[in-house]
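Enquirer: Compute the structure for the input listed below.
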Amino acid sequence: MQPLSAPFPATRFRRPRRTPALRALVAETALAPSDLIWPVFLRDGEDLAEPVASMPGVERLSVDRAVAAARQAAALGIPVVALFPYTDPALKTPDAAEAYNPENLVNRATRAIKAAVPDVAVMLDVALDPYNSDGHDGLVRDGVVLNDETLEVLVKQALSHAEAGADILGPSDMMDGRIGVLRSALETAGHRDTVIMSYAAKYASAFYGPFRDAVGATGALKGDKKTYQMNPANSDEALRLVARDLSDGADMVMVKPGLPYLDICRRVKNAFGAPTFAYQVSGEYAMIEAAALNGWLDGERAMLESLAGFKRAGCDGVLSYFAPRAAKILQGG
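Expert: Okay, here's the model as predicted:
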């Protein structure tokens, strides 16, 4: 039912907009540092911070620098860091075995962060594209991305991440059946408290390019990902995917990308009421940053407005490369 308002001039919508205090009093959406997850790129080495050219302000960090970033997250009130590796091309193979190496980059970084900053949760990606010489999220045979065979490798990867101390696993591969087999494997192995945040509605989007640069997958990718990621034209399918993943044991769900799919975020939250997240992906970040660097818009205002949009659309939180900057502003820094 629509709320009733008296006719003008008894009702003047401008009255509660008159001062900052009044605007804050009637604000319908609140954004806080605790709503943010900070994606952090990793690379091998020591005391390294390597800029990502297509993502101004974002760097690949060595493990020691990632630990420092986790300390910064804790100080800013950011509850989760999500780690993504830039894998040495020499370690990429058709069987993606590095994905479940206990000593791979993300597992080493997870152990270091949990030892140094235990109150910050670590989220790890479950997908094969950073480790696969074909650049795909699954195993490839004769140009076809294999579903069931990939699940076996994803289970090994997820267990290695859980054993390293990851608090949240984010299966982003979009293989059919992966949430069920991952949940079963985690339960059997005694990792009953490991959270699964499923990339349930992940679209075959044009907005992922800078991320693939950051993890070194751009040159490796053969073909595209349209046989397993969603068609951007589809909306009802997203609800079916979310329903399946929740019934298979996902604790939280994600929509990816973010801003072009706010309608999906709202539909998911309204339909299921489950913890719902969105990923403000690399292309979204790069567009805002590029425009700001060229003086075409106010970067700080655009950043906060975009993040508030996710909350308004029903998201409980958002993965964003803006997380540390936004949190600093939200803290009054």
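
Enquirer: Helix or strand with the lowest mean pLDDT in this structure?
Expert: helix 209-215 (a mean of 88; mean pLDDT, DSSP states H and E).

Enquirer: as a whole number, average confidence for the following helix or strand past that one?
Expert: Per DSSP states H and E, the first helix or strand lying C-terminal to helix 209-215 is helix 236-248. In this model, helix 236-248 has an average pLDDT of 98.

Enquirer: before we move on, what about stretch 79-99?
Expert: 96.

Enquirer: still on that earlier bit, what's the least confident helix or strand of the chain packed up against?
Expert: Applying 3 or more Cβ pairs under 8 Å, 6 or more residues apart in numbering; DSSP states H and E, we find helix 209-215 packed against strand 80-85, helix 282-293. Where you see a C-beta, it was placed from the backbone N, CA and C, and this is true even at glycine.

Enquirer: contact partners of the last one?
Expert: Outside of helix 282-293, the residues that reach it under the criterion Cβ atoms under 8 Å, 6 or more residues apart in numbering are 54-58, 205-211, 213-214, 257-259, 297-300, 302-303, 306, 320-322.

Enquirer: Sitting in strands, which of those do you find?
Expert: Ser320 (DSSP state E).

Enquirer: who touches the residue nearest to Ile179 when sequence neighbours are not counted in this structure?
Expert: In space, and not counting its chain neighbours, Ile179 is closest to Asp248: 4.0 Å by Cβ to Cβ, 6 or more residues apart in numbering. Contact partners of Asp248, counting by Cβ under 8 Å, 6+ apart, are Gly177, Ile179, Gly180, Arg183.

Enquirer: what secondary structure does the last one sit in?
Expert: The reference is to Arg183. Assigned with DSSP: H, G, I helix; E, B strand; the rest coil, Arg183 falls in the helix class.

Enquirer: All further residue positions should be reported with the first residue as 40.
Expert: That works, and once the first residue is 40, the last one we named lands at Arg222.

Enquirer: Which residue, other than its chain neighbours, is closest to it?
Expert: Gly288 (3.2 Å).

Enquirer: The third one too?
Expert: The shortest distance from Gly219 to any residue other than its chain neighbours is 3.9 Å, reached at Asp287 (Cβ to Cβ, 6+ apart).

Enquirer: mind checking how far the one you found is from Val307?
Expert: Per Cβ to Cβ, to the nearest Å, Asp287 is found 16 Å from Val307.

Enquirer: Please state the offset of the least confident helix or strand of the chain from the chain centre?
Expert: 14 Å (Cα atoms, centre = their mean, to the nearest Å).
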